[in-house]
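1. Provided below for reference: sequence and predicted model.
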Amino acid sequence: MAEAMTRETALREAEAVCLRRGATLTPLRRQVLELVLDASSPVGAYALLDRLKVSRPGAAPPTVYRALDFLLEQGLIHKLERLNAYIGCIDAGHGHAHEHHHPHQFLICRRCGATAEIADHGIAHAIEAAARREGFALAEAVVEIEGTCARCMAG
């Protein structure tokens, strides 16, 4: 029950964010966001397409990729490069669209694929400081950390 409320809260927040920014969360974009939020782990574009085709049989890859691009641009989801998959943002709509100003790091379990987003400002500051020492102007840093989750270690 709490999970459904979290999903509904995330969808309401996404709609509010888009409205504030003058962007439109179309029914298709909302449906793709729902599919990302409903996934138990990061989900790839083609898996999303397969799920989307249940209700939209004519959906094609560009349909999903355009929706994903919009959701990324609005800061409602993240793309995990290592997995080539998407995950909902834990801090969606809190002033970081386009630049994703909040720090985000991902803990990815090698055994079960569970992924958790953390927002550790200390990690972000350390990366920024290291980049500055090298004379590098940091635009964005996404940290993907692989290991074993607590559930897998216990089992």
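-> Good, I have the coordinates. Residues are numbered from 1 along each chain as shown.
2. Could I get the average pLDDT for stretch 21-38?
-> With pLDDT averaged residue by residue, stretch 21-38 scores 96.
3. Next, the residues that contact that stretch from outside, please.
-> Residues lying outside stretch 21-38 but in contact with it, judged by Cβ atoms under 8 Å, 6 or more residues apart in numbering, are 7, 10-11, 14-15, 17-18, 43, 48, 51-52, 55-56, 63-64, 67-68, 70-71, 74, 76-77, 86-88, 97. Backbone N, C-alpha and C define where each C-beta goes, glycine included.
4. mind listing what's buried in it?
-> Of all the residues in stretch 21-38, those buried under the rule 16 or more other Cβ atoms under 10 Å are 25, 28-37.
5. What distance do you get for Cys112 to Ala154?
-> Taking Cβ to Cβ, to the nearest Å as the measure, Cys112 falls 12 Å from Ala154.
6. quick one, which of these two is more surrounded?
-> Cys112 (14 against 7; other Cβ atoms under 10 Å).
7. hmm, back to that, in helices only, show me the contacts of stretch 21-38.
-> Of the contacts of stretch 21-38, the ones assigned to helices by DSSP state H are 7, 10-11, 14-15, 17-18, 48, 51-52, 63-64, 67-68, 70-71.
8. Can you go through these and name the buried ones?
-> A residue is treated as buried here by neighbour count (16+ other Cβ under 10 Å); on that basis the buried members of the ones in helices among the contacts of stretch 21-38 are 10-11, 14, 17-18, 48, 51-52, 63-64, 67-68, 70-71.
9. okay, those in JSON lines with pLDDT and distance to Pro103 next?
-> Output for these, formatted as JSON lines (pLDDT from 0 to 100; distance: Cβ to Cβ, whole Å):
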{"residue": "Ala10", "pLDDT": "89", "distance to Pro103": "20"}
{"residue": "Leu11", "pLDDT": "93", "distance to Pro103": "24"}
{"residue": "Ala14", "pLDDT": "94", "distance to Pro103": "21"}
{"residue": "Val17", "pLDDT": "92", "distance to Pro103": "19"}
{"residue": "Cys18", "pLDDT": "95", "distance to Pro103": "23"}
{"residue": "Leu48", "pLDDT": "98", "distance to Pro103": "26"}
{"residue": "Arg51", "pLDDT": "97", "distance to Pro103": "30"}
{"residue": "Leu52", "pLDDT": "97", "distance to Pro103": "31"}
{"residue": "Thr63", "pLDDT": "94", "distance to Pro103": "32"}
{"residue": "Val64", "pLDDT": "97", "distance to Pro103": "28"}
{"residue": "Ala67", "pLDDT": "98", "distance to Pro103": "26"}
{"residue": "Leu68", "pLDDT": "98", "distance to Pro103": "22"}
{"residue": "Phe70", "pLDDT": "97", "distance to Pro103": "23"}
{"residue": "Leu71", "pLDDT": "96", "distance to Pro103": "20"}
